[in-house]
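In: next come a sequence and a model predicted from it.
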Amino acid sequence: MITLRQLEYLVSVVEEGSLTRAAERLYVTQPALSHQLRALERSIGGPLLERLPRSVRLTPMGRALLPHARAALDSVRQGQAAARQAAGAEAGELRIATLHSVSLGVLPPALRVWRRRHPGVRVHLVEHRNSGELAAAMGEGRADIAVGPPPVGWEGPVCVLGVEEFLVVLAAEEPGPATAHGDGGPPRIGLAGLADREWVHYGPGNGLAVVVDDACAAAGFRPRAAVRTEQTASAPVLAAAGLGPALVPANIVPVAFGGRLFRPDPPVQRVLAAYTRIRPDPLTDAFIDLLQREASMMPGHVRRQLEGG
(Lines give C-alpha, C1' and ligand atoms only; values in the text may rest on other atoms or scores of the structure.)
Protein backbone atom coordinates (compact mmCIF):
# COMPACT_ATOMS: atom_id res chain seq x y z
CA MET A 1 0.00 0.00 0.00
CA ILE A 2 1.31 3.46 -0.92
CA THR A 3 1.33 6.01 1.90
CA LEU A 4 1.44 9.81 1.81
CA ARG A 5 4.66 9.66 3.79
CA GLN A 6 6.30 7.64 1.03
CA LEU A 7 5.14 10.13 -1.59
CA GLU A 8 6.42 13.01 0.53
CA TYR A 9 9.80 11.27 0.82
CA LEU A 10 10.00 10.78 -2.94
CA VAL A 11 9.15 14.42 -3.68
CA SER A 12 11.66 15.64 -1.09
CA VAL A 13 14.46 13.52 -2.56
CA VAL A 14 13.74 14.89 -6.04
CA GLU A 15 13.61 18.50 -4.85
CA GLU A 16 16.77 18.22 -2.73
CA GLY A 17 18.70 16.15 -5.25
CA SER A 18 20.08 13.69 -2.71
CA LEU A 19 18.94 11.29 0.01
CA THR A 20 21.17 12.97 2.60
CA ARG A 21 19.69 16.45 2.13
CA ALA A 22 16.16 15.07 1.93
CA ALA A 23 16.63 13.20 5.23
CA GLU A 24 17.86 16.43 6.85
CA ARG A 25 14.88 18.35 5.50
CA LEU A 26 12.43 15.71 6.77
CA TYR A 27 14.19 15.23 10.14
CA VAL A 28 14.56 11.48 9.61
CA THR A 29 17.57 9.22 9.34
CA GLN A 30 18.83 8.30 5.90
CA PRO A 31 18.24 4.54 6.50
CA ALA A 32 14.63 5.27 7.44
CA LEU A 33 14.20 7.35 4.30
CA SER A 34 15.75 4.65 2.12
CA HIS A 35 13.52 2.00 3.72
CA GLN A 36 10.36 3.96 2.87
CA LEU A 37 11.53 4.55 -0.70
CA ARG A 38 12.22 0.84 -1.20
CA ALA A 39 8.75 0.06 0.15
CA LEU A 40 7.26 2.53 -2.32
CA GLU A 41 9.20 0.93 -5.18
CA ARG A 42 7.89 -2.50 -4.18
CA SER A 43 4.33 -1.16 -4.19
CA ILE A 44 4.82 0.45 -7.61
CA GLY A 45 6.57 -2.59 -9.04
CA GLY A 46 9.90 -1.16 -10.12
CA PRO A 47 12.71 1.31 -9.39
CA LEU A 48 11.80 4.99 -9.11
CA LEU A 49 15.25 6.45 -8.47
CA GLU A 50 18.67 5.80 -9.90
CA ARG A 51 21.27 6.24 -7.16
CA LEU A 52 24.31 8.10 -8.53
CA PRO A 53 27.57 8.73 -6.61
CA ARG A 54 26.59 12.27 -5.56
CA SER A 55 22.96 12.59 -6.54
CA VAL A 56 19.84 10.75 -7.61
CA ARG A 57 17.93 10.67 -10.87
CA LEU A 58 14.36 9.66 -11.61
CA THR A 59 13.77 6.57 -13.69
CA PRO A 60 10.98 6.64 -16.32
CA MET A 61 8.64 5.11 -13.71
CA GLY A 62 9.70 7.79 -11.25
CA ARG A 63 9.03 10.58 -13.74
CA ALA A 64 5.58 9.16 -14.40
CA LEU A 65 4.75 8.97 -10.69
CA LEU A 66 6.16 12.35 -9.60
CA PRO A 67 3.33 14.67 -10.77
CA HIS A 68 0.74 12.37 -9.19
CA ALA A 69 2.70 12.32 -5.94
CA ARG A 70 2.80 16.11 -5.90
CA ALA A 71 -0.88 16.32 -6.73
CA ALA A 72 -1.77 13.92 -3.90
CA LEU A 73 0.24 15.95 -1.39
CA ASP A 74 -1.30 19.14 -2.72
CA SER A 75 -4.82 17.77 -2.26
CA VAL A 76 -4.05 16.87 1.34
CA ARG A 77 -2.73 20.38 2.05
CA GLN A 78 -5.79 21.92 0.46
CA GLY A 79 -8.03 19.69 2.54
CA GLN A 80 -6.23 20.76 5.69
CA ALA A 81 -6.57 24.42 4.75
CA ALA A 82 -10.27 24.01 3.96
CA ALA A 83 -10.88 22.23 7.25
CA ARG A 84 -9.10 24.97 9.19
CA GLN A 85 -11.10 27.64 7.41
CA ALA A 86 -14.37 25.79 8.05
CA ALA A 87 -13.45 25.69 11.71
CA GLY A 88 -12.62 29.39 11.70
CA ALA A 89 -8.88 28.81 12.14
CA GLU A 90 -6.55 31.39 10.60
CA ALA A 91 -3.65 29.08 9.95
CA GLY A 92 -2.13 27.06 7.17
CA GLU A 93 0.03 27.67 4.10
CA LEU A 94 -0.75 29.28 0.76
CA ARG A 95 1.56 28.32 -2.09
CA ILE A 96 1.63 30.83 -4.94
CA ALA A 97 3.39 30.36 -8.27
CA THR A 98 3.95 33.38 -10.51
CA LEU A 99 6.30 35.09 -12.96
CA HIS A 100 9.19 37.35 -11.99
CA SER A 101 7.49 40.36 -13.63
CA VAL A 102 4.19 39.73 -11.83
CA SER A 103 5.88 39.38 -8.45
CA LEU A 104 7.15 42.94 -8.95
CA GLY A 105 3.77 44.32 -10.00
CA VAL A 106 0.34 43.18 -8.86
CA LEU A 107 1.37 40.75 -6.11
CA PRO A 108 3.25 42.89 -3.53
CA PRO A 109 0.28 45.12 -2.58
CA ALA A 110 -2.02 42.09 -2.42
CA LEU A 111 0.42 40.17 -0.24
CA ARG A 112 0.83 43.16 2.07
CA VAL A 113 -2.92 43.32 2.70
CA TRP A 114 -3.15 39.53 2.98
CA ARG A 115 -0.42 39.37 5.59
CA ARG A 116 -2.14 42.02 7.66
CA ARG A 117 -5.48 40.20 7.54
CA HIS A 118 -4.15 36.63 7.87
CA PRO A 119 -0.98 36.73 9.98
CA GLY A 120 -1.21 33.02 10.79
CA VAL A 121 -1.13 31.89 7.16
CA ARG A 122 2.33 31.20 5.77
CA VAL A 123 2.90 32.25 2.16
CA HIS A 124 5.29 30.30 -0.06
CA LEU A 125 6.01 32.29 -3.25
CA VAL A 126 7.81 30.62 -6.18
CA GLU A 127 8.74 32.70 -9.23
CA HIS A 128 9.10 31.20 -12.70
CA ARG A 129 10.77 32.61 -15.79
CA ASN A 130 7.97 32.19 -18.31
CA SER A 131 4.34 31.17 -18.72
CA GLY A 132 5.17 27.64 -19.84
CA GLU A 133 7.16 26.88 -16.71
CA LEU A 134 4.43 28.45 -14.59
CA ALA A 135 1.65 26.32 -16.12
CA ALA A 136 3.78 23.18 -15.85
CA ALA A 137 4.45 23.80 -12.16
CA MET A 138 0.76 24.36 -11.53
CA GLY A 139 -0.19 21.25 -13.47
CA GLU A 140 2.19 19.17 -11.38
CA GLY A 141 0.55 20.36 -8.16
CA ARG A 142 3.47 22.47 -6.91
CA ALA A 143 1.24 25.42 -5.98
CA ASP A 144 -2.28 26.22 -4.81
CA ILE A 145 -2.65 29.11 -7.23
CA ALA A 146 -0.82 30.47 -10.27
CA VAL A 147 -0.79 34.18 -11.15
CA GLY A 148 0.19 35.07 -14.71
CA PRO A 149 -1.05 34.90 -18.30
CA PRO A 150 -3.79 32.24 -18.54
CA PRO A 151 -2.51 29.14 -20.39
CA VAL A 152 -4.30 28.11 -23.56
CA GLY A 153 -6.61 25.16 -22.99
CA TRP A 154 -6.33 25.22 -19.19
CA GLU A 155 -9.01 22.89 -17.82
CA GLY A 156 -9.17 24.24 -14.25
CA PRO A 157 -10.84 27.40 -12.90
CA VAL A 158 -9.51 30.69 -14.31
CA CYS A 159 -10.21 34.17 -12.95
CA VAL A 160 -9.05 37.02 -15.20
CA LEU A 161 -7.59 39.88 -13.13
CA GLY A 162 -7.10 42.46 -15.85
CA VAL A 163 -5.06 43.57 -18.83
CA GLU A 164 -1.48 44.53 -18.06
CA GLU A 165 -0.23 47.52 -20.03
CA PHE A 166 3.36 47.86 -21.25
CA LEU A 167 5.39 51.05 -21.58
CA VAL A 168 8.47 51.99 -23.56
CA VAL A 169 11.32 53.36 -21.43
CA LEU A 170 13.94 55.71 -22.86
CA ALA A 171 16.76 57.66 -21.25
CA ALA A 172 15.92 61.26 -20.40
CA GLU A 173 18.29 62.61 -23.08
CA GLU A 174 17.10 60.30 -25.87
CA PRO A 175 14.88 61.75 -28.62
CA GLY A 176 11.20 60.98 -28.55
CA PRO A 177 7.78 62.70 -28.46
CA ALA A 178 8.15 65.88 -26.44
CA THR A 179 4.54 66.56 -25.45
CA ALA A 180 2.22 64.62 -23.19
CA HIS A 181 -0.83 62.91 -24.60
CA GLY A 182 -4.12 64.73 -24.31
CA ASP A 183 -5.46 62.39 -21.62
CA GLY A 184 -2.64 63.26 -19.25
CA GLY A 185 -0.84 59.94 -19.63
CA PRO A 186 2.55 59.26 -21.18
CA PRO A 187 2.89 60.33 -24.84
CA ARG A 188 2.49 57.67 -27.50
CA ILE A 189 5.32 56.30 -29.58
CA GLY A 190 5.37 53.94 -32.55
CA LEU A 191 7.75 51.04 -32.10
CA ALA A 192 8.70 51.22 -35.77
CA GLY A 193 10.45 54.51 -35.00
CA LEU A 194 12.79 52.60 -32.70
CA ALA A 195 13.73 49.91 -35.23
CA ASP A 196 17.24 51.31 -35.72
CA ARG A 197 18.01 51.35 -31.98
CA GLU A 198 19.71 48.64 -29.97
CA TRP A 199 17.34 47.54 -27.21
CA VAL A 200 17.48 46.55 -23.60
CA HIS A 201 16.15 43.05 -24.11
CA TYR A 202 15.38 40.06 -21.89
CA GLY A 203 17.20 36.75 -21.70
CA PRO A 204 15.66 33.89 -23.71
CA GLY A 205 14.34 32.23 -20.54
CA ASN A 206 12.42 35.35 -19.48
CA GLY A 207 8.84 35.28 -20.77
CA LEU A 208 8.95 39.01 -21.52
CA ALA A 209 11.43 38.33 -24.33
CA VAL A 210 8.53 36.89 -26.33
CA VAL A 211 6.39 39.97 -25.59
CA VAL A 212 9.12 42.27 -26.92
CA ASP A 213 9.84 40.15 -30.00
CA ASP A 214 6.14 39.86 -30.89
CA ALA A 215 5.50 43.60 -30.45
CA CYS A 216 8.50 44.54 -32.58
CA ALA A 217 7.59 41.95 -35.21
CA ALA A 218 4.12 43.53 -35.45
CA ALA A 219 5.90 46.85 -36.06
CA GLY A 220 7.93 45.28 -38.87
CA PHE A 221 11.35 44.66 -37.36
CA ARG A 222 13.39 42.37 -35.16
CA PRO A 223 14.96 44.13 -32.16
CA ARG A 224 18.74 44.12 -31.85
CA ALA A 225 19.89 43.71 -28.25
CA ALA A 226 22.45 46.04 -26.71
CA VAL A 227 22.15 44.10 -23.48
CA ARG A 228 20.03 41.21 -22.24
CA THR A 229 18.87 40.81 -18.67
CA GLU A 230 17.13 37.98 -16.85
CA GLN A 231 16.03 40.38 -14.09
CA THR A 232 12.82 42.14 -15.11
CA ALA A 233 13.39 44.95 -12.61
CA SER A 234 16.72 45.79 -14.28
CA ALA A 235 15.21 46.59 -17.69
CA PRO A 236 13.75 50.06 -16.91
CA VAL A 237 16.88 51.01 -14.97
CA LEU A 238 19.17 50.00 -17.83
CA ALA A 239 16.99 51.85 -20.35
CA ALA A 240 16.98 54.99 -18.22
CA ALA A 241 20.78 54.75 -18.09
CA GLY A 242 20.90 55.13 -21.87
CA LEU A 243 21.55 51.55 -22.99
CA GLY A 244 18.57 51.55 -25.32
CA PRO A 245 14.77 51.42 -25.28
CA ALA A 246 13.02 48.81 -23.15
CA LEU A 247 9.46 47.50 -23.13
CA VAL A 248 8.32 46.89 -19.55
CA PRO A 249 5.08 46.21 -17.64
CA ALA A 250 3.68 49.55 -16.49
CA ASN A 251 3.29 48.48 -12.88
CA ILE A 252 6.97 47.63 -12.31
CA VAL A 253 8.32 51.10 -13.12
CA PRO A 254 9.84 52.57 -9.92
CA VAL A 255 8.19 55.62 -8.39
CA ALA A 256 11.47 57.57 -8.34
CA PHE A 257 12.45 57.14 -11.96
CA GLY A 258 14.84 59.13 -14.13
CA GLY A 259 13.83 57.84 -17.56
CA ARG A 260 11.11 58.87 -20.01
CA LEU A 261 7.95 56.80 -20.39
CA PHE A 262 5.89 56.31 -23.54
CA ARG A 263 2.85 54.28 -24.47
CA PRO A 264 3.36 52.03 -27.49
CA ASP A 265 1.07 52.80 -30.41
CA PRO A 266 -0.67 50.42 -30.97
CA PRO A 267 -0.82 49.36 -27.30
CA VAL A 268 1.08 46.33 -26.05
CA GLN A 269 -0.92 44.38 -23.46
CA ARG A 270 -0.97 41.07 -21.64
CA VAL A 271 -3.89 39.40 -19.85
CA LEU A 272 -3.20 38.36 -16.26
CA ALA A 273 -5.22 35.75 -14.42
CA ALA A 274 -5.29 33.65 -11.29
CA TYR A 275 -5.83 29.98 -12.05
CA THR A 276 -5.98 26.69 -10.14
CA ARG A 277 -6.11 22.99 -10.98
CA ILE A 278 -9.32 22.31 -9.09
CA ARG A 279 -12.05 24.37 -7.48
CA PRO A 280 -10.27 26.67 -4.98
CA ASP A 281 -10.53 25.87 -1.30
CA PRO A 282 -11.74 28.72 0.96
CA LEU A 283 -8.21 29.93 1.72
CA THR A 284 -7.21 30.13 -1.95
CA ASP A 285 -10.57 31.61 -2.90
CA ALA A 286 -10.13 34.39 -0.33
CA PHE A 287 -6.74 35.27 -1.80
CA ILE A 288 -8.13 35.36 -5.36
CA ASP A 289 -10.88 37.71 -4.20
CA LEU A 290 -8.31 40.00 -2.59
CA LEU A 291 -6.10 39.83 -5.68
CA GLN A 292 -9.02 40.92 -7.87
CA ARG A 293 -9.65 43.99 -5.73
CA GLU A 294 -5.99 44.99 -5.59
CA ALA A 295 -5.48 44.48 -9.32
CA SER A 296 -8.43 46.72 -10.12
CA MET A 297 -6.77 49.61 -8.26
CA MET A 298 -3.33 49.32 -9.84
CA PRO A 299 -2.16 51.69 -12.61
CA GLY A 300 -1.66 49.95 -15.92
CA HIS A 301 -4.60 47.59 -15.39
CA VAL A 302 -8.07 47.58 -16.91
CA ARG A 303 -10.29 45.55 -14.65
CA ARG A 304 -12.12 42.64 -16.19
CA GLN A 305 -13.67 39.81 -14.25
CA LEU A 306 -14.39 36.41 -15.76
CA GLU A 307 -14.94 33.04 -14.21
CA GLY A 308 -14.21 30.01 -16.32
CA GLY A 309 -12.53 26.63 -16.43
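Out: Sure, I can see it. Numbering: from 1, shown residues only.
In: apart from its chain neighbours, what residue comes closest to residue 51?
Out: Distance criterion CB to CB, 6 or more residues apart in numbering; nearest residue to residue 51, sequence neighbours excluded, is residue 19 at 7.8 Å. C-beta: built from backbone N, CA, C; applies to glycine.
In: also residue 10?
Out: Residue nearest to residue 10 in three dimensions, not counting chain neighbours: residue 69, with 5.5 Å by CB to CB, 6+ apart.
In: ok, residue 13 next?
Out: residue 22 (4.3 Å).
In: same question, residue 221
Out: Per CB to CB, 6+ apart, closest to residue 221 is residue 195, 3.9 Å.
In: how many other residues sit next to that neighbour?
Out: Other residues lying near residue 195 total 15 when counted by other CB atoms under 10 Å.
In: any idea how far it lies from residue 185?
Out: 24 Å (CB to CB, to the nearest Å).
In: and for residue 100?
Out: Distance from residue 100 to residue 185, by CB to CB: 26 Å.
In: over to residue 71?
Out: Taking CB to CB, one finds residue 71 at 45 Å from residue 185.
In: how about residue 125?
Out: Shown here: residue 125 relative to residue 185, a distance of 31 Å by CB to CB.
In: outline the domain layout of this protein.
Out: The chain breaks down by automatic domain parsing into domains covering 4-64, 78-162+271-308, 163-270.
In: what is the mean pLDDT for the second one?
Out: Spelled out, that is domain 78-162+271-308. Mean pLDDT, domain 78-162+271-308: 80.
In: which strands or helices does the helix or strand hosting residue 13 pack on?
Out: Per DSSP states H and E, residue 13 falls inside helix 4-16. Here helix 4-16 touches helix 19-26, helix 30-44, strand 56-58, helix 60-86, going by 3 or more CB pairs under 8 Å, 6 or more residues apart in numbering; DSSP states H and E.
In: okay, the residue nearest to residue 51: pLDDT?
Out: Model confidence at residue 19, given as pLDDT, is 88.
In: from residue 229, how far off is it?
Out: Here residue 19 is placed at a distance of 37 Å from residue 229 (CB to CB).
In: please apply the same query to residue 76.
Out: Counting by CB to CB, the gap from residue 76 to residue 229 is 39 Å.
In: so for these two, which sits in the more crowded spot?
Out: When residue 76 and residue 229 are compared for neighbours, residue 229 comes out ahead with 19 against 13, by other CB under 10 Å.
In: ok, the more buried one to residue 256 distance?
Out: 20 Å.
In: check residue 296 too.
Out: Taking CB to CB, one finds residue 296 at 25 Å from residue 256.
In: again with residue 237
Out: According to CB to CB, residue 237 stands 11 Å off from residue 256.
In: could you do residue 215 as well?
Out: In this structure, residue 215 and residue 256 are 27 Å apart, going by CB to CB.
In: so which bits of whichever strand in the chain runs longest are buried?
Out: Of all segments of type strand in the chain, defined using DSSP state E, the longest is strand 158-170. Within strand 158-170, the residues that count as buried by 16 or more other CB atoms under 10 Å are 158-162, 164-170.
In: tell me the mean pLDDT for the next helix or strand after it?
Out: In the C-terminal direction, the helix or strand that comes right after strand 158-170 (DSSP H and E) is strand 188-189. Here strand 188-189 scores 92 as its mean pLDDT.
In: strand 188-189 pairs with which strands?
Out: Strand 188-189 has the following sheet partners, assigned by DSSP bridges: strand 260-264 (parallel).
In: who's in contact with the partner strand?
Out: Strand 260-264 is contacted by residues 165-172, 174, 176-177, 181, 185-191, 215, 247, 253 when judged by CB atoms under 8 Å, 6 or more residues apart in numbering.
In: could you rerun that using 10 Å?
Out: Strand 260-264 has contacts (CB atoms under 10 Å, 6 or more residues apart in numbering) with 165-178, 181, 183, 185-191, 194, 215-216, 218-219, 236, 239-240, 245, 247-248, 250, 253.
In: any buried residues in stretch 143-161, and which?
Out: Quick answer for stretch 143-161 (16+ other CB under 10 Å): 143-151, 154, 156-161.
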